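Q: Pasting the sequence and the predicted model now:
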Amino acid sequence: MDVKENIATLQNNRSSEEVVVRIQDLYKSFGDNHVLNGFNMMLHKGENLVVMGKSGSGKSVMIKCLVGLMTPDSGLVEVLGEDIASLDQVDLDELRSEIGFLFQGSALYDSMTVRENLEFPMRRHRKKFDGITDTLPLVQEALENVGLAHTMDLMPEELSGGMKRRVALARAIILKPKLILYDEPTSGLDPITAKEIIGLMRSIQKKYGTSALIITHDVDCARVISERMILLVDGINYAEGTYEELVASTDPKINAFFKK
Amino acid sequence: MAIAAQMINKTKEFFIEIGDLSYFAVRFFKQAVIPPFEFKELLKQSYQVGNRSLLLVATTGFIIGLVLTLQTRPTLIEFGAVSWMPNMVGISIVREVGPVITALICSGKIASGFGAELGSMRVTEQIDAMEVSGTNPFKYLVVTRILAATLMLPLLVVFGDLIALFGSSLVEFMKGNVSFTLYFNTVFDALSYGDLVPATIKSFFFGFVIGLTGCYKGYKTGRGTAGVGIAANTAVVMASLLLFVVDFIAVFVSDIFYEL
Ligand SMILES: Nc1ncnc2c1ncn2[C@@H]1O[C@H](COP(=O)(O)OP(=O)(O)O)[C@@H](O)[C@H]1O
Ligand SMILES: [Mg+2]
């Protein structure tokens, strides 16, 4: 029970702070496949929240509802104070320019160079930069943040998996978003590269003061980066707390995540 | 019974597919007329469409012209009508053989290419990444490709026709000692607007069908990499089938026009 109590105190402590993401009673199913069954979540400003779940548990579905890539069957999704469902295309795009999204498989455009990949988000979100015409300094800055300034003119196919992920990270932060969503940032990478990515995520957060929602099934990643965790089981927020609290739990469903 | 049920199912699926495709076409027309327009991408795609199929169209065109002439010669000689060769071959190439063969080649090359490209962009979440970057992926990827195919196919057909006529004239030159000038003069004298106009209009429709089915199959690709192969494959089958339907309708319609 002490996990639940802790959540209560945590939420009370936080309640005065600015809420960046609020999800209430989120339902989403595909035919008979009921993926999310009343998921709740809150992310506060400057916070690092990890949502952990087995693969296929609906983590990606949840995070896609946050940016309007998927429409929930029911429930409230509020991002940066805006109710996603109520936005028209223009406002939704405006909001999206405040959100960085790192996709599971990097999702670099494979017909474009690294530079063009990074410039792509700026094509339509120019407004945010008060008519900046020279994008090169921004591209350089973003690439330097991930230590890949020399890859600017390479094609994605010339990069290793870890480098691709870093370029994707640079692309996610190029618009200086207030919120970054990470979909399995370490999946498919070897442990050392995964550690590098986590290190970059932290330094970027420190530098720009962004809030981050990280979804993963990688326990090591969660341990290192999370301030608070939510376990997604059976389509609901099954448990919530710090890593230490959750590890100490005796609930078998929670335990299953941490058994080696 | 089982077979009957299966057939009913297949028929149902077929009509659902046609419905989906029509909806996709409607979406194309809507998006094609609303700004912003992606001119640069349209140019790039047009170049690619032409570049990818030029050599194939040339090769098949040349062989078709050659073979058609070689096979028609003995019959025409028998009737003492060998001087009619340029008229006969010229008209059949321009009216029917050129457009259909070029379109079939292009459906193998272009429709499958679009299916595979968009399919892999779909499964690797590149399309989602575009969407959250504020660029409408339907406009950027689909509209430009369909337009490119529609605009380029008539050009490819003209090119294929000319090569086929060249193949034909080569046979006439070698076997009948007809000069190239005489051959081409006879062909162009024989051709009327009634041959050229319907063939050109038809070619636009062929291009549209190829672009539409390729993009439709690619854009709707299911999850998982197996989907990409299926998309490319079914795109070719569907495009080739629809080409013949369009050809039938085109012949029918132009027949009505010239009856009037
Ligand atoms: N577009 C879709 N159509 C149908 N089913 C989907 C779709 N996207 C996800 N699903 C299903 O939703 C469930 C959760 O998927 P996902 O969120 O990708 O899992 P993960 O937690 O590994 O990210 C899976 O069972 C998957 O099959
Ligand atoms: Mg996932």
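A: Right, received. Where do you want to start? Residues are numbered from 1 along each chain as shown, chains lettered A, B, ... in the order given. Ligands and ions are numbered 1, 2, ... in the order given.
Q: And the helices in the stretch 51-200 of chain A, which stretches?
A: With DSSP state H, counting those that start in this stretch, the ranges of helices along the stretch 51-200 of chain A come out as A:59-66, A:89-96, A:114-124, A:136-145, A:161-173, A:191-208.
Q: same thing with chain B?
A: According to DSSP state H, chain B carries its helices in the segments B:2-33, B:39-78, B:85-92, B:98-106, B:112-123, B:126-132, B:137, B:144-176, B:180-190, B:193-219, B:226-259.
Q: can you redo these as JSON lines with distance to A:Glu244, mean pLDDT and mean neighbour count?
A: The C-beta positions use only the backbone N, C-alpha and C, and glycine is treated the same way. As requested, the helices of chain B are arranged in JSON lines below (distance: least, C-beta to C-beta, whole Å; pLDDT from 0 to 100; neighbours: other C-beta atoms under 10 Å in any protein chain shown):
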{"stretch": "helix B:2-33", "distance to A:Glu244": "51", "mean pLDDT": "93", "mean neighbour count": "12"}
{"stretch": "helix B:39-78", "distance to A:Glu244": "51", "mean pLDDT": "94", "mean neighbour count": "17"}
{"stretch": "helix B:85-92", "distance to A:Glu244": "81", "mean pLDDT": "89", "mean neighbour count": "21"}
{"stretch": "helix B:98-106", "distance to A:Glu244": "62", "mean pLDDT": "95", "mean neighbour count": "25"}
{"stretch": "helix B:112-123", "distance to A:Glu244": "38", "mean pLDDT": "96", "mean neighbour count": "24"}
{"stretch": "helix B:126-132", "distance to A:Glu244": "34", "mean pLDDT": "95", "mean neighbour count": "24"}
{"stretch": "helix B:137", "distance to A:Glu244": "43", "mean pLDDT": "95", "mean neighbour count": "19"}
{"stretch": "helix B:144-176", "distance to A:Glu244": "52", "mean pLDDT": "95", "mean neighbour count": "22"}
{"stretch": "helix B:180-190", "distance to A:Glu244": "85", "mean pLDDT": "90", "mean neighbour count": "15"}
{"stretch": "helix B:193-219", "distance to A:Glu244": "46", "mean pLDDT": "94", "mean neighbour count": "23"}
{"stretch": "helix B:226-259", "distance to A:Glu244": "42", "mean pLDDT": "90", "mean neighbour count": "16"}
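Q: among those helices, which is nearest A:Leu102?
A: The stretch from those with the least distance to A:Leu102 (C-beta to C-beta) is helix B:126-132; that distance is 9.6 Å.
Q: Output the closest one in PDB, but only the C-alpha positions, please.
A: Output in PDB follows, covering the C-alpha atoms of helix B:126-132 (Å, rounded to 0.1, in the frame of the first residue of the first chain):
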ATOM      1  CA  GLN B 126       8.700   8.300 -41.400                       C
ATOM      2  CA  ILE B 127       5.200   9.300 -42.400                       C
ATOM      3  CA  ASP B 128       4.300   9.900 -38.800                       C
ATOM      4  CA  ALA B 129       7.500  11.900 -38.300                       C
ATOM      5  CA  MET B 130       6.500  14.200 -41.200                       C
ATOM      6  CA  GLU B 131       3.000  14.600 -39.800                       C
ATOM      7  CA  VAL B 132       4.400  15.800 -36.400                       C
END
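Q: okay, the helices of chain B in TSV with distance to A:Asp25 next?
A: Output for the helices of chain B, formatted as TSV (distance: least, C-beta to C-beta, whole Å):
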stretch	distance to A:Asp25
helix B:2-33	32
helix B:39-78	41
helix B:85-92	67
helix B:98-106	51
helix B:112-123	30
helix B:126-132	24
helix B:137	30
helix B:144-176	40
helix B:180-190	73
helix B:193-219	32
helix B:226-259	32
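Q: What about residue 80, how many residues nearby?
A: Reading this off chain A. Applying other C-beta atoms under 10 Å in any protein chain shown, we find 17 other residues in the vicinity of A:Leu80.
Q: Switch to chain B, please.
A: B:Gly80 has 8 neighbouring residues, counting by other C-beta under 10 Å.
Q: Which phi and psi values does it adopt?
A: Backbone torsions for B:Gly80, taken as degrees, to the nearest 10, come to phi 70, psi 30.
Q: Report pLDDT for it.
A: Among the per-residue scores, B:Gly80 holds a pLDDT of 86.
Q: just checking, B:Asp167 touches B:Leu70?
A: Actually, residue B:167 is Gly. It isn't Asp. No: contact between B:Gly167 and B:Leu70 fails when scored by C-beta atoms under 8 Å: they sit 9.6 Å apart.
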